[in-house]
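okay, structure incoming, though there's no sequence with it:
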């Protein structure tokens, strides 16, 4: 039985709306620093707070097997509303770094009921062609992540509070649409009871384990790249004083290009195989890390931007493919828990890489930063392609 044609667009739209909360503060970080007298480490702390909240949230969601025991659309809706509440509280006055960190933590916590749950909903509807479906879904995540940057790029007349209000309203809208129009999918199998052993048993499957390790290596690079795109652009301007960039708008273009790449990789995976295309994207993004210092010396800002756009595409093109491999190598009744625990571990990896990058930026030139981040794609490829 084929799902109604509107199902995938609704899931994609809802995912886009709700994940706009993810980097809401990254798009207005300079305003937050000015308004609340934050220090230079604020970007790393606020980015990591969302990731840490997401890790704790996904771990608890997986531990309690919430997505496999309760209707996923209801979980998605409730999580979207709660995440939106913690997001909008940022506009209150008299915040300090730690109060902002706590608000971002709880926003991340409830994003655990959005991103992996959205993938679970898609997996419940699309058995065949799941890679293509998740390509659209992760593409929506990418656009949602980039959205605060494009709002900021509209100009100084758009206040930072307006960006927070807009992302909050979108999250509530996305959650409501998912709840209203997407019931349980035809391939959903509800877990009969709470079973904590699922968290460990899924990793006993060799192909599941290989897909998970590929995903972990990919995550080491992905969110650090996204968080530091504005930093990379600013660093290029420092090296080339005659260059001027609209950094928020370019950040949106670079990150959003990954949304197109996710859709393309989903289609390519149907022709050439999911693992092959995933490994290719991971290889290319690792190469981008290694050659990135060379591009800072280019006098052509166009070449530099083209490089970052290409990097923005390959850095996330493998994400829906690894999630597809994870979903395909686990029992149907444990699919939601498997996706959630892999997300939890993957995002734990991002905290280490983001904090590493935030620390290194004070002791070394920005152009060399991603040489250290290349270790993620390298180890991810080893885990994905090893024979045993």
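Sure, I can see it. Note that the structure is predicted; figures quoted are calculated from it, not measured.

three-state assignment of residue 380?
Using DSSP: H, G, I helix; E, B strand; the rest coil, the structure places residue 380 in helix.

quick one, what contacts it?
Residues near residue 380 by Cβ atoms under 8 Å, 6 or more residues apart in numbering: 213-218, 220, 282. C-beta: built from backbone N, CA, C; applies to glycine.

enumerate every residue touching the closest residue to residue 301 other than its chain neighbours.
Spatial nearest neighbour of residue 301, excluding adjacent residues (Cβ to Cβ, 6 or more residues apart in numbering): residue 243 at 5.0 Å. Residues near residue 243 by Cβ under 8 Å, 6+ apart: 236-237, 301.

how about a cut-off of 10 Å?
By Cβ atoms under 10 Å, 6 or more residues apart in numbering, the residues touching residue 243 are 233, 236-237, 299-301, 304.

pick out the most distant pair among those.
Maximum pairwise distance in those, criterion Cβ to Cβ, is 15.9 Å, between 233 and 299.

which one's more surrounded, these two?
residue 233 (22 against 10; other Cβ atoms under 10 Å).

that one and residue 163: what is the separation?
Counting by Cβ to Cβ, to the nearest Å, the gap from residue 233 to residue 163 is 19 Å.

count of neighbours near residue 34?
Burial measure for residue 34: 11 neighbouring residues, criterion other Cβ under 10 Å.

now do the contacts for it.
When contacts are counted by Cβ under 10 Å, 6+ apart, residue 34 touches 28, 160.

next: residue 95.
Here residue 95 is in contact with 32, 35-38, 89, 101-103 (Cβ under 10 Å, 6+ apart).

residue 350 versus that one, what's the distance?
Residue 95 is 24 Å from residue 350, by Cβ to Cβ.

mark out where each domain of the chain begins and ends.
According to the TED database, the chain comprises the domains 1-191, 195-387.

output those domains as a markdown table; include the columns mean pLDDT.
Listed next are the domains of the chain as a markdown table, based on pLDDT from 0 to 100:
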| stretch | mean pLDDT |
| --- | --- |
| domain 1-191 | 86 |
| domain 195-387 | 90 |
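
count of neighbours near residue 28?
For residue 28, the neighbour count with other Cβ under 10 Å is 25.

that one touches residue 165, doesn't it?
No - with contact defined as Cβ atoms under 10 Å, residue 28 does not count as touching residue 165 (11.5 Å).

secondary structure element holding residue 262?
Using DSSP states H and E, residue 262 sits in helix 247-272.

just checking, what packs against that helix?
helix 7-19, helix 130-153, helix 206-239, helix 274-295, helix 301-317, helix 319-328 (3 or more Cβ pairs under 10 Å, 6 or more residues apart in numbering; DSSP states H and E).

pick the most deeply packed of the ones you listed.
helix 319-328 (a mean of 27; mean count of other Cβ atoms under 10 Å).

sweet, I'm off.
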